[in-house]
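1. Sequence plus the predicted model coming up.
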Amino acid sequence: MSNAIGLIGGSGFYSFDKTARQIQQDTPYSDDPIILYASEHKHPVYFLPRHGAQHAAPPHRVNYRANLWALKTLGVKTVLAANVVGGIVKDMAPGVLAVPDQIIDYTWGRAHTYFEAFSDDRFEEMTEAESHVDFTYPYDESLRQRLLHSARVLGSPIHDGGTYGATQGPRLESAAEIKRMAQDGCTLVGMTGMPEAGLARELGIAYASLCLVANWAAGITSDVIKFSEIASTLGQGVGGIHNIFNHVIENFGD
Ligand code: HPA
């Protein structure tokens with residue numbers, strides 16, 4: 001089929017193309033269909049607001065399985081995800097755009113896999129060995145390079161690499177939690193990066209994330225975190241994400 005590209009938008013990034021048409025996609029993982037926005041560019045693009053069309057689902061309630069399944073059903077083989085994060089190390093100051101290359105998953109209790117049973121008829125041909133997908137490099141490297149290349153061509157400063165620590169939310173972290181995450185090697189903290197990346201890997205979808213740092217993580221400065229500051233950094237950074245995604249799509253091979 002087509003070289004359809006999926007975009008997953010997070011907080012502050014609710015639309016990619018104002019002329020897109022809204023579509024609904026049923027999935028075996030959701031009672032209600034998933035809402036997406038379809039538009040034609042060099043390739044068909046499906047924009048999926050991660051938290052739902054009304055931004056109703058907080059990070060721990062997002063139906064990640066249904067979202068990725070909807071994209072897969074529409075023929076998507078490539079997903080660019082936007083994630084809003086806190087910065088843990090000095091390179092990751094508010095306003096920075098980063099393309100992480102590693103993940104540590106601290107989430108719990110989320111529906112994080114499609115492989116609930118080897119007899120699951122949605123995965124008829126799946127063997128036990130195939131269910132243990134390799135996740136050594138959790139993001140697709142060539143897609144990461146496309147994001148970095150597009151940012152550079154556009155003259156948009158971008159940070160190559162970083163370890164995304166995925167927390168459960170919806171509360172922000174304590175200073176001690178961030179200190180532990182820093183000791184673990186995390187440089188970014190967010191609430192939506194997992195299980196999304198792992199599910200994409202299970203479905204064989206090439207997936208990479210473009211992170212916008214909205215605030216210093218808890219305890220990195222002496223201030224407490226104000227949501228109003230997160231919202232204002234978001235407002236300023238979303239245009240950059242849009243432009244980079246657009247450039248990747250327009251330069252994506254056939
Ligand atoms: N922690 C977790 N998720 C976030 C943060 C944070 O500091 N900022 C934006 N998303």
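-> Nice, thanks for sending it over.

2. Lowest average confidence across helices and strands of the chain, where is it?
-> helix 128-131 (a mean of 74; mean pLDDT, DSSP states H and E).

3. I'd like the distance from the helix or strand just after that one to the chain centre, please.
-> The C-terminal neighbour of helix 128-131 among helices and strands, as given by DSSP states H and E, is helix 141-153. Put simply, helix 141-153 sits 16 Å off its chain's centre (CA atoms, centre = their mean, to the nearest Å).

4. do the same with stretch 84-91
-> How far stretch 84-91 lies from its chain's middle: 16 Å, per CA atoms, centre = their mean.

5. Is it in proximity to the ligand?
-> Yes: applying CB under 6 Å from any ligand atom, one finds stretch 84-91 in contact with the ligand at Val84, Val85, Gly86. No exception for glycine: its C-beta is placed from N, CA and C like everyone else's.

6. Pull out the buried residues from that stretch.
-> By neighbour count on 16 or more other CB atoms under 10 Å, the buried set for stretch 84-91 is Val84, Val85, Gly86, Gly87, Ile88.

7. The closest residue to His159 other than its chain neighbours: helix or strand, and which one exactly?
-> Distances taken as CB to CB, 6 or more residues apart in numbering put Ala98 closest to His159, at 3.9 Å, once the chain neighbours are dropped. Under DSSP H and E, the secondary-structure element containing Ala98 is strand 97-99.

8. Wondering if that strand reaches the ligand at all.
-> No: where contact is defined by CB under 6 Å from any ligand atom, no part of strand 97-99 touches the ligand; the two come within 12.6 Å at best.

9. Now do the buried residues in the next helix-or-strand element following that strand.
-> Downstream of strand 97-99, the next assigned helix or strand under DSSP H and E is strand 102-105. Residues of strand 102-105 classed as buried: Gln102, Ile103, Ile104, Asp105 (neighbour count, 16+ other CB under 10 Å).

10. on that earlier part again, list the residues that contact the residue nearest to His159.
-> Residues counted as contacts of Ala98 (CB atoms under 8 Å, 6 or more residues apart in numbering) are Val85, Met92, Ile158, His159, Asp160, Gly161, Gly162, Thr187, Leu188, Leu210, Cys211, Val213.

11. what's across from the first one in the sheet?
-> By that I understand Val85. Residues found in beta-bridge contact with Val85 (criterion: DSSP bridges) are Val213.

12. Give me every residue in the stretch 1-150 of the chain lying close to the ligand.
-> If contacts are counted using CB under 6 Å from any ligand atom, the residues of the stretch 1-150 of the chain sitting beside the ligand are Val84, Val85, Gly86.

13. Nearest to Pro28 among these?
-> Proximity of these to Pro28 (CB to CB) peaks at Val84, which lies at 29.1 Å.

14. can you tell me how far the residue nearest to Tyr137 when sequence neighbours are not counted sits from Ala182?
-> With sequence-adjacent residues excluded and distances taken as CB to CB, 6+ apart, Tyr137 is closest to Asp101, at 7.2 Å. Distance, Asp101 to Ala182, by CB to CB, to the nearest Å: 17 Å.

15. where does this protein dip in pLDDT?
-> Low-confidence segments of the chain, defined by pLDDT under 70, span residues 1-2, 117-127, 254.

16. got a list of what the residue of the chain found nearest the ligand touches?
-> Residue nearest to the ligand within the chain (CB to the nearest ligand atom): Gly86, separated by 2.4 Å. Gly86 is in contact with 172-173, 178, 188-190, 213-218, 225, counting by CB under 8 Å, 6+ apart.
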